[in-house]
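Q: Could you work out the structure for the sequence below:
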Amino acid sequence: MARNTEPASDAGKTETKATKPTALGEVIQIDQAMVREHLDQIVIITVQDTLN
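A: Reported below is the predicted structural model:
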């Protein structure tokens, strides 16, 4: 969103423009192998606890 801001008086008149946000691309990276390993361990522990 672009916005111009001008003071009420002409003395020291300035103009400020907001710039358009840039794309951040891949900000978050998910290591699928790590997630898979963690979930495997959670399932193993849960099944062991259930059987015991």
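Q: in this protein, which spans are strands?
A: Here the chain has its strands, by DSSP state E, at 4-5, 16-17.
Q: remind me which residues of the protein are low pLDDT?
A: For the chain, the stretches flagged by pLDDT under 70 are 1-16.
Q: show me where it has helices.
A: Taking DSSP state H as the test, the helices found in the chain are 32-51.
Q: What count of nearby residues applies to V35?
A: The tally of other residues near V35 (other C-beta atoms under 10 Å) stands at 10. Bear in mind the C-beta positions are built from the backbone N, C-alpha and C, glycine included.
Q: Check Q32 too.
A: Q32 has 8 nearby residues by other C-beta under 10 Å.
Q: For it, list the residues it contacts.
A: Shown in contact with Q32 (C-beta atoms under 8 Å, 6 or more residues apart in numbering): no residues.
Q: where does it sit relative to D49, distance-wise?
A: Per C-beta to C-beta, to the nearest Å, Q32 is found 26 Å from D49.
Q: for T22, same thing?
A: 48 Å.
Q: now D31
A: 26 Å.
Q: ditto for L39
A: 16 Å.
Q: Also M34?
A: Taken as C-beta to C-beta, the span from M34 to D49 is 23 Å.
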